[in-house]
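Enquirer: Curious how this folds, go ahead:
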Amino acid sequence: MNIPLAAALVRPTLRSRAPGLLLAVAIALVAWWLGRWLPLVGGPVIGILLGIAVRNLLAPGARFTPGIAFAGKQVLQWSIIALGFGLSLDQVARTGLESLSVTLVTLTVAFVSAWALGRWLGVHDKLKVLIGVGTAICGGSAIAAVTPIIKADEHDTAFAISTIFLFNVVAVLLFPPLGHLMHLSDLGFGLWAGTAINDTSSVVAAGYSYSHAAGDYATIVKLTRATLIIPICLVLAFAVAAREKKHGAADFSLRRILPWFILWFLVASGIRTAGLLPAAILPALHAAAEFLIIVALTAIGLSANLRKMIASGARPILLGLGVWIAVAVSSLLVQLVIGRL
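Expert: The predicted model follows:
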């Protein structure tokens with residue numbers, strides 16, 4: 001048998017992917033429904049937790065693997081592109097400059113603290129990057145976007161996302177009373193929540209529980225912060241490319257390693273900004289993007305080996321806690337210095 005024919009026979013097909021993909025979609029539907037009843041937790045959190053439970057309690061067979069892998073990678077990239085249709089570049093530009101200084105400081109603090117604390121705790125590099133990116137930018141979406149670039153293992157991705165989401169839930173419950181205790185203004189709290197809480201749904205939940213004005217401002221700040229996923233992914237892609245080239249990787253290809261789906265995310269956002277889409281379909285696109293994220297994160301959960309996650313110990317959780325506290329405190333300090341509080 002010649003090599004091209006052999007490769008064609010082992011290449012995943014729609015039929016081979018169907019069992020795993022249908023399993024991920026079925027669990028994601030349950031997670032989506034439960035997320036509507038438990039908005040503080042959210043569908044993505046429930047999806048990855050259900051995926052982990054099914055993977056480690058029922059152990060789906062090998063025939064599910066191609067579809068699960070497809071959902072965890074390709075569907076994930078589609079979800080990020082779909083998010084671009086809900087992000088107006090004009091909207092970001094109007095308020096982005098106001099929050100840029102705070103956002104850049106918290107971004108720097110997140111990466112520096114992740115590197116320093118992770119090194120002290122003995123957490124390996126890829127997990128440090130995932131937790132740092134998730135805390136700095138936009139939680140699970142950022143982790144998901146970076147995973148294929150740095151080639152992180154599934155259990156590292158699941159562990160990082162679970163860690164980030166744990167502190168998202170804590171933030172939703174803790175930030176509003178702390179904001180009232182510190183007598184933060186609506187805009188001050190919105191800026192704090194938008195720069196210090198990771199996941200968009202958690203930012204929205206915390207912001208609007210404080211006040212409507214705080215919720216509006218927090219959401220826009222969070223959207224601005226989310227756009228930083230693009231330069232971060234490009235920097236990481238070039239870093240990985242340089243490392244592969246330095247080590248003489250025979251299969252090195254800059255075209256292969258660049259996150260092209262991020263560029264399509266920009267195109268989608270440009271289409272949204274140009275008003276080329278009817279306003280009536282934007283809610284449907286947003287809902288589709290959210291569901292695709294749940295499907296992708298469910299698949300990541302289905303790929304996670306809980307035993308390996310447990311073997312990682314408490315150190316990654318301590319890393320997530322330390323980075324999250326550093327970001328939250330630095331956001332308040334920058335606002336204090338620039339007179340925003």
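Enquirer: R315 - how many residues pack around it?
Expert: 16 (other Cβ atoms under 10 Å). For every residue, glycine as well, the C-beta is placed using N, CA and C.
Enquirer: I'd guessed it sits against W120; true?
Expert: No. Contact between R315 and W120 fails when scored by Cβ atoms under 8 Å: they sit 9.6 Å apart.
Enquirer: for the longest helix along the chain, packing partners?
Expert: Longest helix in the chain, counting residues (DSSP state H): helix 89-121. Applying 3 or more Cβ pairs under 8 Å, 6 or more residues apart in numbering; DSSP states H and E, one finds that helix 89-121 contacts helix 125-136, helix 186-196, helix 212-226, helix 260-273, helix 315-337.
Enquirer: In it, which residues are buried?
Expert: Neighbour-count burial for helix 89-121 flags 89, 92, 95-96, 98-99, 102-103, 105-107, 109-111, 113-115, 117-118, 121 (criterion: 16 or more other Cβ atoms under 10 Å).
Enquirer: hang on, the earlier thing: mind putting the helices and strands packed on helix 89-121 into CSV with distance to L234 and mean pLDDT?
Expert: Output for the helices and strands packed on helix 89-121, formatted as CSV (distance: least, Cβ to Cβ, whole Å; pLDDT from 0 to 100):
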stretch, distance to L234, mean pLDDT
helix 125-136, 13, 88
helix 186-196, 22, 91
helix 212-226, 15, 80
helix 260-273, 7, 78
helix 315-337, 22, 90
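Enquirer: want to throw the ones you listed into TSV with distance to I161?
Expert: Formatted as TSV, these follow (distance: least, Cβ to Cβ, whole Å):
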stretch	distance to I161
helix 125-136	7
helix 186-196	18
helix 212-226	16
helix 260-273	18
helix 315-337	10
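Enquirer: And the ones you listed: which comes nearest L297?
Expert: Minimum separation from L297 across the helices and strands packed on helix 89-121 (Cβ to Cβ) falls at helix 125-136, 12.2 Å.
Enquirer: same for the helix or strand encompassing A171, what does it pack against?
Expert: Here A171 sits within helix 154-181, counting by DSSP states H and E. For helix 154-181, the elements it packs on are helix 43-57, helix 125-136, helix 139-150, helix 186-196, helix 200-210, helix 282-302, helix 306-311, helix 315-337, judged by 3+ Cβ pairs under 8 Å, 6+ apart.
Enquirer: Indicate which one of those helices is closest to N168.
Expert: Nearest to N168 among the helices and strands packed on helix 154-181 is helix 200-210 (4.0 Å), distances taken as Cβ to Cβ.
Enquirer: which residues touch the closest one?
Expert: The contact list for helix 200-210, computed with Cβ atoms under 8 Å, 6 or more residues apart in numbering, reads 39-40, 42, 44, 138-139, 141, 168-169, 171-172, 175-176, 179-180, 186, 189-190, 193-194, 197, 214-219, 222-223, 226.
Enquirer: and if you look at stretch 63-83?
Expert: Residues contacting stretch 63-83 (Cβ under 8 Å, 6+ apart): 12, 16-25, 60, 141, 144-145, 147-148, 154, 226, 229, 261-262, 264-265, 268, 285, 288-289, 292-293, 295-300, 302-303.
Enquirer: how about that stretch as PDB, C-alpha atoms only?
Expert: What follows is stretch 63-83, C-alpha atoms only, in PDB (Å, rounded to 0.1, in the frame of the first residue of the first chain):
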ATOM      1  CA  ARG A  63     -14.300   5.500  18.400                       C
ATOM      2  CA  PHE A  64     -15.300   8.700  20.100                       C
ATOM      3  CA  THR A  65     -11.700  10.100  19.900                       C
ATOM      4  CA  PRO A  66     -11.700  11.700  16.400                       C
ATOM      5  CA  GLY A  67     -14.900  13.600  17.000                       C
ATOM      6  CA  ILE A  68     -13.900  14.800  20.400                       C
ATOM      7  CA  ALA A  69     -10.600  16.000  19.000                       C
ATOM      8  CA  PHE A  70     -12.300  17.800  16.200                       C
ATOM      9  CA  ALA A  71     -14.700  19.500  18.500                       C
ATOM     10  CA  GLY A  72     -11.900  20.600  20.900                       C
ATOM     11  CA  LYS A  73      -9.900  22.200  18.100                       C
ATOM     12  CA  GLN A  74     -11.900  23.100  14.900                       C
ATOM     13  CA  VAL A  75     -15.200  23.900  16.600                       C
ATOM     14  CA  LEU A  76     -13.200  25.900  19.100                       C
ATOM     15  CA  GLN A  77     -11.700  28.000  16.400                       C
ATOM     16  CA  TRP A  78     -15.100  28.500  14.800                       C
ATOM     17  CA  SER A  79     -16.500  29.700  18.100                       C
ATOM     18  CA  ILE A  80     -13.800  32.400  18.400                       C
ATOM     19  CA  ILE A  81     -14.400  33.600  14.800                       C
ATOM     20  CA  ALA A  82     -18.200  33.700  15.600                       C
ATOM     21  CA  LEU A  83     -17.500  35.900  18.600                       C
END
